[in-house]
Every structure is written in structure tokens, then in C-alpha cells.
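Participant: Give me a 3D structure for the following:
(2 chains)
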Amino acid sequence: MKETKNQMKNNWKILSPFHPQFDMVRCDYENGCKICVHECSFGEISLTPIKDKRGEVVYRPGANLTACNACQRCVKMCPQNAIHIVSQPMHTSHSYWTPYHVNNIWRQARHEGGVLLVGTGATGPQKRYFDYMMFDACQVTNPSIDPLREPMEIRRYLGTKPDSYGGKMGPQLELEVPIMFGAMSFGAVNLRVHKAAARATQAVGTYWNTGEGGFHKELRKYGKNTIVQVASGRFGVNESYLKSAAAVEIKIGQGAKPGIGGHLPGEKVSEAVSKTRMIPLGSDALSPAPHHDIYSIEDLRQLIFAIKEATEYTVPVSVKISAVNNVAPIASGIARAGADIITIDGFRGGSGATPLQIRQNTGIPIELAISAADRRLTEEGIRNTVSIVASGGFQTSSDILKAICLGADAVYVGTPVLIALGCNACQRCFTGKCAYGITTNKPELAERIDVDEATQALKNLLHAWGEEIKELMGSMGISAIEALRGNRDRLRGVGLNEEELKILGIKHAGA
Amino acid sequence: MITIEAKGLYYKALNRQIREYLSRGEKDIVLKNILGQRYIGGGLNHDATIKIHGTPGQDLGAFMNGSRIDIFGNAQDGVGNTMNSGKIVVHGKAGEIPAHSMRGGKIFVKGDVEYRAGIHMKQYMDKIPLLIIGGTTKDYCGEYMAGGRVIILNLGNKSASPVGNSVGTGIHGGNIYVRGTVDAYQLGIGAVFGKLNKSDRTFLKEALAEYAKDMGMDLSVISPKDFIKITKKGHRPFGSLYTPGMNMKTETPFHFNLMPPCAYNCPTGIPTPVFFNLIKDGEIREAQLFMDEYTPFRMSVCGTACPAPCMEGCNRNMLDGPVEIQKLAQKYYPDFDPMVGKEKRAETVSIVGAGPSGLSTAWQLSRRGYSVNTYDATDDIGGKVKQAIPKERLSDETLDRDIARIKSLPIIFHTGEKIDREGFSKIYESSDIVVVSTGAQITKRIPYPGGERILSGLQFLIAINEGNPVDLSGKEIVIIGSGNVGIDIACESWRLGASKVTAIDIQKPLAFGRELDLATELGTEILWPKMIDRLDESRVYFTDRTDMRADVVFFSIGEAPDTSFLPDSVFIDERGYIVTAEKSFRSSDPKIYGCGDIIKPGLITDAVGSGRVAAMEIDATLKGQAFVYPIENPVSRRRIQTVYFGEEDSDIDHCMSCGTCIFCDKCVENCPQEAISRNGETFSIDTEKCQLCYSCVSICPRGAIHADVFIKGAGVEADN
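Facilitator: Below is the predicted model of the structure:
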């Protein structure tokens, strides 16, 4: 018998946890349909030639069992509803060594032993504090307000407020809804997504954030609704960039990867991205962990004022940080450093690419962070000098309103924007092969986003959540959202312990 | 020109004043008594000049987008931070991070600077920022540069190495030029020393000239040759830092021809689909010339006598039977003499033994321009093919067609000369290389009790061909050994009147092909496993206690070579074959090669292939080239998509061209992403469009495009 050299490469073969299964009776391959093969951008489905009843060669789809992560694109696009995704569990007897952990070690043992990289936000079992806080409602002692028939104001203004009535005010951002679209860079998502975000926020009257990949020329006309970001890589940052937008945000950190800089794998650095970021084509864009001109709180003040000087004090300057242990004194320092807005991004915040261990294990929940920062600034008597924007894992309009009750002036949402465009969080944004055309720069895939329909979808989302917020407000007897900002008395904790209640600053239900 | 007295003026007010003057059209501003004011020139986009006397504060020229600033004094940290265009000239020293994230424009510093000079500089097309430092700089110079140029002049030669450690750490674009020493340990991750080329030298000359002019210095003593260049190691210094946390396919499919089973089975290695493809394209002469590269025995062996292992392995067996390779070999037999290459070589090669292997060697070497002599003990060339194969199977007329073509080559044939030791030694002296291809002629015998009467099967066949057939009328024949030769003996026995023919073997008989079918049809019984215990005058007795009548018994268990005429320098193994190195035909004597049955027993086609590869080795050795024993990888049977075939009319169209691309373009036409295109014989796959679905791999009718396949020995590996 022929001797073969022992190869271990199959030991580390990752069995795809899912694969498509085809109902061949419904499948229309005999008429030449190849839609599923075309739609799967990950290469899971391939064609095989077979002979049909007439003796002609036709091509039948089949699963490769190598690349599926249940993004469901093929299922949705099949005109015959002939596909469903089935799971392929590795083993079920262990609850400790889950396939997640075993696969991760396999991935690192083969090839060159790299740092695991993933997309979207943290998926760990930590508590969603929003689920443990309930709103009050008006019953008997004070009347509720009918949002269907009475005026409700959910407008917010972000920026430095004066110390006393009639005092000097800094430049303000005016939001018709307390929701802005979070920072997702050009490169992490493509121009169509940015276009839809810009147009939707312009139509509704709120803001979108460019992220750290630069501000595309085609979108400069939406500058009045745009917040540009200055991150550690300084991609796309120049004088006209700073002057083109409604606000400038210094990004110190983000919830998905506190303490380190952004990642855009080389696969996603296309011609357009190379031009906007001014880095070589196909080269990885790894932003440094710190800004190399910010090593202390004094340095932050220096950069804030460098930007204010460059923009001649006409726009608010925001500072974005991740929610970390001492977020309260950090927020205080940032306020005193001259920022007009502080954005705090909780650990559930999303990303196109982030090291897995940092995503899962760094940062604190946004609910606790907002509350801590709001209360500290209030105690120090400087709460009016900044607006606080919360972000990181908001999933519903009720989450947003709860954050406002805990002290946020407004929120950023990131992942919901992508989901509104079709994303189902398969976590493969970093590959640049998004089957829905969202987090990819490949032209053939980006074409799957229709800008008009995407714009409408985002407008719908903002409209829907705005209406839900009004309903919640009305049930509480509030007609102006200003009255709920930091209003902890309208929240009660359910199933939270004393420590948690104390940090959130709310009472337990029934108390 | 406007002068601003800045003493005691807060930076906000100062900068507001400057902006006001500029917006009013002022082109020249002089600032006096500057002491620590920050952000001077920050965010300017005017085309003006600002002269600063004194010590400006942090972030001078941050986000600047135009104008020229001269500082007559020392600057602080962050000079030109994220600058986009314009020029800053510091007639003094500067602090940390000068040119941080700079994207355009120029910064010249007369003296030293601190850490992270030029960190994160960028460029796009011809927008290339430049930082020139007159003195030295500290660690992390050029960290994570994506573009731009940094020059460190080390004027005054204050330190041997004017850059600290971790120079260019993470650099993936741009260059750093250092005048002074830089040791390898000072380089950061992904930074390497580069070669100064012409454009570097031109650039340095021009940059230094401009710097000298702005600084009012004479730098003519400095030459571009004085500089060390530091640049990026590769495109993605951190490319292998990250591993995808999800399943990812990365290998684009590739077109690559693999060996079809017919060629893989053929010891001569004849690539039949290539032959057929040429014919189908109408290039018949090319096809025939192509065949001449492989064998001179196209009619007699391929077309007639070979048991056709090619057809045994033919993938068409999965459908409606093998391609008629033998018939087609006959049909497309060349009608011209073989071509000899133009180059005439000086070397002489002598080949002892003009059988199929020796003639194959002679054919190959003569056509390559060598002087070739062959020697044979018999009166003609052809060896066992002529002597031992029954004429019923291979007529003289058929064989002579091949022999005639061989004889048309400028080979000197010495026939009727049996070579002994002395004769061999003469040949050895007068030739550059000697090839021993005398085959195996000594019938192997097993000394069974009573077996003295057993005849040599080989001699039986030779005698028939010489015109002296044995009459076997009414005789019952037993043949010991049921290989292809045993089967020949069987068929001839029937022809000569035998009433019963039995072939026995101790293992599964090795006979195959048409001859086996014919022998069986005639009534030959093949018994195995059967071992003889003893014989008497009329019967043979087996170890299993059976026996049978055996009027005539033949040995057909192979022959052993006669090596008595060879010098002692040629080692012979314990079974009597010439010892050659693995994957080589050279014997222990570097001037003597062996091929054919004398090194290893086999079919005729084994001999032909042996002779051919031996000739290739000799040719390479004489030319001083490396010789690689040809090993190729067969295409797997499951790669052949038989659904595409079955309707073909002509024989030649039955060939499915396994493993050999015929440019049918099914991959091109059916790629769901339209990512494959072809220009002539070159395919290209657009890696942007390719989704790695590998449909092309399963669509290809013949397995000529691959992914996820480890192809041994071809230096090609694709992994999941």
C-alpha cells in the first residue's frame, strides 16, 4: 500500500455550522435558474452538471459545506422558496466546550496563529439592563397625554448650554428625533449606505456620522446633517473635511474595541477607499491605539481647541469614548477639556472588524455608564456644559427612551441601521463579502443596495421609533422629551440588586 | 505686509486677528514676540506667508491647507499636525510628532526633533508630503507611514545614528532616508533597507536643494549616495496578524492540466487526448509529429500488439466502452519519415541490443542529433517484437512500417554481431555513452521433479517466427505462467493443432486485453492458484492433489538477462538485473546506461517508455542540464462529468480529453459571476468577482480546473 505522509490539515477543518438544503422538487434549476449561486457571496453554493429528463445537461445547485453562516440570502432570494438552512451541530453532549471555543482554537492552531477577527458587537451573556427597567405610566393621579391628537416634542439640541438663562451658548445641533446614525466608516460600509444615511437624516432632520474613513465628495452637499470623525488614523482628515460638516467628533474609542484603533482589512481597501483614506490599495488600515498627539487629558484639550481654531468655533466638537471602568471622572475631564458633546459607546457597540477577545471582554454596559456619567457631571455642577450621547447595542425605541431617562441627551444607533437595510448579523463584515451589499466595497455586491429604497427604509425606522417614543412619553404624561432627560423617577428596576439600583440611580419596583 | 505685536496676546485673539487679516486679502504677516501661542496657522487655506519671531506653542499649522510659515525660533510639539498643503520652515528645532498624519505639503526643520516624527504620513498619487529634519530624531520615526517622505540629515554629524529605535514600525507606504548609520536592530516591524534607485537620487537632490535655499545653507557636500533608504517590507506587514473568526474560503480556482488515465497507465506516457485534440483541430501532421516524440512503434505496438493499458484505464469505460485508441493509432499513422532536429551533436551513443527499448533510445537520441550505433546479435533489428510475438498477432508487414521509419534515421545498425566482454569494451572506448538494452533471453526454469521435459515458451514462439513451428496436433498443452506471453503461447498452440490448452499460474494471471479474450474464446482454460508438485512423461501433478494430462509443457514465467558481457563496473542485483539509481537509468558506471527488460521486466510498452526516458536522461546529462524523472499526477476519475458525453458519432470524438483543457468554455459561460474570461489559451479569473463557489470546478467536463485540491509534485497546492 502506498505510504502517505501523515497530514494534520483535516484535524482543523472547521465544519460549517450551517448549510443550505435544497428542495429539488421546488428548485427551478431545470429552467436554468442560478439565482442562489449568484447571490451567495461566500461561495457556499456551487453548480453541478446533470442530465435532465430530455437528456440535456442542466446545472443543479448543491452546498459545498464550507462557508455558510446562515446569512439567509439564498433563502430570501430563491423565487421558489426551495432552500432552507439546516444546522450541523458539532456535538451536543458538552455544554462547556462549545463549538464556538473549539473552533476558535482550531482556527488559531492552523495557519500562522493569528488574532481572531470578527464583525458586529459583543455576543456574550451579560445582562441587558434595559430588560430590567420598566417605565412608569400615568394612572389616576396625573393624566396621560394622547400622542395621536396632542403635540409631542421629541426634539433635542446638542451642544454646550449656558450656566444661566440668557447666557452665552455654544453652537448647537438640532435633532428632530433623539436618534442619530452611528459612526460606520467609508470602507467598513460602502458609499451607497452612506448616501442612504445622509439622505434619510436630512429628510428627517437629524445627523449621521461618517466614521473614521473620510467624507466622500459626493456627500458633501449633506454636510449640514453630517458629523465628521477625527480618529487616531486621521483618515480623510484635512481642513476642508473639518469645515464641511455640522460637528467634528474626536474618536478616542468605541465600544466594540475599547482601547484600540479601527481595523479595515486590506481586502476591503478598494480604489475608492484607497483614495479617500490616502493609503495604498489593498493595504490594511489599522488605526493606532491612541491618538499619538493625545497622551493626557491636557493633550485632548489641545486637540479640541486645534479643531475649534481650524473651524473658527462655528461647530460643536464632540469626543467619543468607550464605556470603561472610570467613565464618570473621564467624562468630567472631557467636559472640562472643552468638549461640547460627549459620546459614550457601551460594550455592545458594533464594528466591521474587531479582535474577538477584545469585543467580548472589554468595556461596561451603556446603561450603567450613562447613568454614572450623568450623575457625576450633575454632582459637579457642570452637566450643562456638555450634551451626552449614548450608544452601543440599542435595539428598540424603548431602549433609547430608557437611556434618556438615565441621562442621555440623544443616542447613536449603528447596527439597527444595517439591519434596516437587510443585514442579519452573520458577523462576517470584515471579509468584505457581505451578501446584502452593505459592508462590502465590491461593486457587484454593493449594487444589491438600492439607494432610494435604503433611504426610505431608514426614514421608516426613524419614523417608527420616533412614534413609539411619543407613545411611551404620552403614557407617562410627558409631552416634551426634555422632561425625561435624566428623569430617573419614571423608571423602576425589576430584579436588580441594590448595587445596580444604586449605580443606575433608580428605585426598585414596588418601593 | 502687516506686523502683529503678539506679546501678552492670548492665542484665541491672535489667531482671530490673523484670520481676519487673511480674509481681507493680506498676503504677508509678521508676528513679533511670540511666546507659546498655540494653533498659529491652524486650518488656514489661504495663500499667504507668515513669519513668526519667537517661540510658538503647540500644534503650529495644525490642519493647515496652504500658506507658508517661517519660524525664527524653536517650535513645539505637533508641527504641521494633519497638514494638507503649504510649507512650514522651522529655523530652529521642533518637538514631538512633527508631521503627524501629514497628507501633503512640506515641513523643513533646521535642528533636532523628538519622538514619532512623520508618524502616519499618507499620500495618494502625486500628493506626497515631505518632512526634512536637519538634525536627529528619536524613536518611532515614521511609525505606520502609509506614504510620504522623511529625510533625516544629521547635519553636524552629532550622532552616528540620527534615528532611534523602531524606525518605520508598521510602515506600509512611503520612504525614510537617513544620512548616517542605521543598524538592523533599529528597524521596526515590517521595515527593511531599500536600494537607492535613480528616482530616489533625483528626489533627494531636488529636496536638498530646496531645503538649503530655504535655510540659507550650503549643502553641496551632501550627496544622495550618503543616504540609507528605509521602506516597507511588503504590502501588508500585519497581513498575517489576524485570523478570520468565521469560515473563510480564500483560494481562487486555477486552470491546470492533469494527466489523463490513458497516459498515466501507458508506460511510454503517451498523452492520447493531446494527440486527438490536435487531430480534431485539423492539425493532423502536428499530431503525428507529436506522436513521434514518444514512440517509433505507433503501428506495431500502439496500433497492434500492445495489450492497451490505456484502454483499460480509459474513463469512457464508465459510459459505453473505451475509446478505440488502438484503431485510431493505426488510422492516423504518419505517411512521412521522422524529422531530425537541426542541431548536430558531437557525442556518440552506442546501444547494445536493438529490441524495442534499444530502438526507442536510438530513435530519441538520433532525432536529437547524436551519432547513434546499435548492435544486435540477430540478423535484423526488432528484438522480441520481431522474434517472439506471433505473426498472427503482429505481421511482418505491419512491423516493417515502423522499422522502415526507424531505419530512415541516420543510425548505424550493426546486426549479426553478438557482443562479448571484449567487444563491449571496444564499444565502451569508442563511445561517449553506452546503452545496454539486450533484454532478457534466458528462460527462467523451476526444477520440478520430472520437469526436464518442460520446454521454453519463448523459444517455441521464436521458432515459429523463424519458420520452424512445432506440430502440436492432438496434443494437450500445459503452460506454466499465464501472463501475456503465456497467452500468446496458448493462441499459437491452438493454431498449431493442440486439442486442449491449459494455462496455470500461482497468482491471479497478469494477462489482460484482447489477447486474453481471444485465448479464452479459443477454449484456453486458465487455472489459478495452481502449483506443480511433479511431472512424469505424460502428466503433471499439482500440490492440491489434482493432476492432468500434459503432453507438452511450456515454461512462461519470464526470462532472466544475460549480463556476462558487461564489465565489473556495472553492478548486477541478486536477481540478475542491472542496478540503476532510483528514478535514473544510469548504472554504477557513469558511462553505461540500461533500459528495458535488462533493468526491469515488463510489457513492450514498458520497454519503449524505458528507452525514451533513458534517452531524455542521457540527453540532459550530455548537455549538462538537470534531469527530472517525469512524474505527473493523474486526474481523478470522479472529475470527469460523463453527463456531457454519449452522443458522439465518430470514434475520435469519444475521447473526453480527461484532465486536458480543450477550451470548451463551459467554465466561462456558466460562471454565475461571469468572473472567468479567456484570451487565446490564457484564462484569467477576476478575483474581485469570483465568489469562490467553485462551480467551475464541478462544471468542467474533464477536470482541468481546480480548487481545494492538493496536486502532488506539481508545486501547486490550494487549501480550504
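Participant: residues from the stretch 201-350 of chain B in reach of chain A?
Facilitator: B:235-236, B:238-249 (CB under 8 Å from any CB of the partner chain). The C-beta positions use only the backbone N, C-alpha and C, and glycine is treated the same way.
Participant: By neighbour count, which of the residues you listed wins?
Facilitator: Within those, neighbour counts (other CB atoms under 10 Å in any protein chain shown) peak at B:Gly245, which reaches 26 neighbours.
Participant: OK, contacts around that one?
Facilitator: A:104, A:107, A:116-118, A:356, A:427 (CB atoms under 8 Å, 6 or more residues apart in numbering or on different chains).
Participant: Which members of these are classed as buried?
Facilitator: Among those, those classed as buried by 16 or more other CB atoms under 10 Å in any protein chain shown are A:104, A:107, A:116-118, A:356, A:427.
Participant: out of those residues, which touch chain B?
Facilitator: Among these, the residues lying close to chain B (CB under 8 Å from any CB) are A:104, A:107, A:116-118, A:356, A:427.
Participant: Determine which two of these are furthest apart.
Facilitator: A:Arg107 and A:Gln427 (13.6 Å; CB to CB).
Participant: tell me the SS of the residue lying closest to B:Lys418 once chain neighbours are set aside?
Facilitator: Among residues not flanking B:Lys418 along the chain, B:Ala377 sits closest, at 3.9 Å (CB to CB, 6 or more residues apart in numbering or on different chains). Three-state assignment for B:Ala377 (DSSP: H, G, I helix; E, B strand; the rest coil): coil.
Participant: right, and B:Ala377 touches B:Ile419 too?
Facilitator: Yes: between B:Ala377 and B:Ile419 there is a contact at 7.4 Å, judged by CB atoms under 8 Å.
Participant: if we can go back for a sec, now, which of the contacts of B:Gly245 sits nearest B:Asp396?
Facilitator: Nearest member of these to B:Asp396, counting by CB to CB, is A:Arg107, at 69.6 Å.
Participant: who touches that closest one in this structure?
Facilitator: A:12, A:14, A:116, B:243-245.
Participant: check contacts around whichever residue of the stretch 351-500 of chain B sits closest to chain A.
Facilitator: Nearest residue of the stretch 351-500 of chain B to chain A: B:Gly483, at 23.6 Å (CB to the nearest CB). Going by CB under 8 Å, 6+ apart, B:Gly483 touches B:505, B:509-511, B:556, B:558.
Participant: Considering the residues you listed, which possesses the most neighbours?
Facilitator: Neighbour tally across these (other CB under 10 Å): the maximum, 27 neighbours, falls on B:Ser556.
Participant: mind listing the helices for the stretch 401-550 of chain B?
Facilitator: Using DSSP state H, counting those that start in this stretch, the helices found in the stretch 401-550 of chain B span residues B:421-430, B:457-465, B:484-495, B:514-522.
Participant: ok, and which of those helices has the densest surroundings?
Facilitator: Mean neighbour counts were taken over those using mean count of other CB atoms under 10 Å in any protein chain shown, and the top value, a mean of 25, falls to helix B:484-495.
Participant: which residues does A:Val37 contact?
Facilitator: Contacts of A:Val37 (CB under 8 Å, 6+ apart): A:45-47, A:61, B:672, B:693, B:695.
Participant: so what's the backbone phi/psi at the residue lying closest to B:Glu559 once chain neighbours are set aside?
Facilitator: Nearest non-adjacent residue to B:Glu559, counting by CB to CB, 6+ apart: B:Ala440, 3.8 Å away. In terms of degrees, to the nearest 10, the main-chain angles of B:Ala440 are phi -130, psi 120.
Participant: one step back: could you redo the contacts of A:Val37 as CSV and give each row secondary structure?
Facilitator: Below are the contacts of A:Val37 laid out as CSV (three-state DSSP):
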residue, secondary structure
A:Ile45, strand
A:Ser46, strand
A:Leu47, strand
A:Pro61, strand
B:Pro672, coil
B:Cys693, coil
B:Ser695, helix
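Participant: Please identify which of those residues is nearest to A:Phe135.
Facilitator: Closest to A:Phe135, out of all of the contacts of A:Val37 and judged by CB to CB, is A:Ile45, at 46.3 Å.
Participant: The closest residue to chain B within chain A: neighbouring residues, count only.
Facilitator: As assessed by CB to the nearest CB, chain B sits closest to A:Ala310 within chain A, at 2.7 Å. A:Ala310 is flanked by 26 other residues according to other CB under 10 Å.
Participant: contacting residues around B:Trp363?
Facilitator: B:295-296, B:338, B:406, B:409, B:611, B:615 are the contacts of B:Trp363 under CB under 8 Å, 6+ apart.
Participant: Could you identify which of these has the most neighbours?
Facilitator: With neighbours taken as other CB under 10 Å, the top of the contacts of B:Trp363 is B:Gly611, carrying 31 neighbours.
Participant: Number of residues surrounding B:Met121?
Facilitator: Using other CB under 10 Å, B:Met121 is surrounded by 32 other residues.
Participant: quick check, it in a helix?
Facilitator: No: B:Met121 is assigned coil when assessed by three-state DSSP, not a helix.
Participant: And it, how close does it get to A:Gly233?
Facilitator: Distance, B:Met121 to A:Gly233, using CB to CB, to the nearest Å: 12 Å.
Participant: residues from the stretch 51-200 of chain B in reach of chain A?
Facilitator: Contact residues (CB under 8 Å from any CB) of the stretch 51-200 of chain B with chain A: B:58-59, B:62-65, B:77-78, B:81-82, B:84, B:96-97, B:100-101, B:103-104, B:116, B:119-120, B:122-124, B:127, B:143-144, B:146-147, B:170, B:172-173.
Participant: Which of the residues you listed fall within strands?
Facilitator: Cross-referencing those against strands under DSSP state E gives B:65, B:146-147, B:173.
Participant: Pipe the ones next to chain B among the buried ones among the contacts of B:Gly245 into JSON lines and attach pLDDT and secondary structure per row.
Facilitator: Written out in JSON lines, the entries for those read as follows (pLDDT from 0 to 100; DSSP: H, G, I helix; E, B strand; the rest coil):
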{"residue": "A:Asn104", "pLDDT": "89", "secondary structure": "helix"}
{"residue": "A:Arg107", "pLDDT": "87", "secondary structure": "helix"}
{"residue": "A:Leu116", "pLDDT": "91", "secondary structure": "strand"}
{"residue": "A:Leu117", "pLDDT": "90", "secondary structure": "strand"}
{"residue": "A:Val118", "pLDDT": "90", "secondary structure": "strand"}
{"residue": "A:Leu356", "pLDDT": "94", "secondary structure": "helix"}
{"residue": "A:Gln427", "pLDDT": "90", "secondary structure": "coil"}
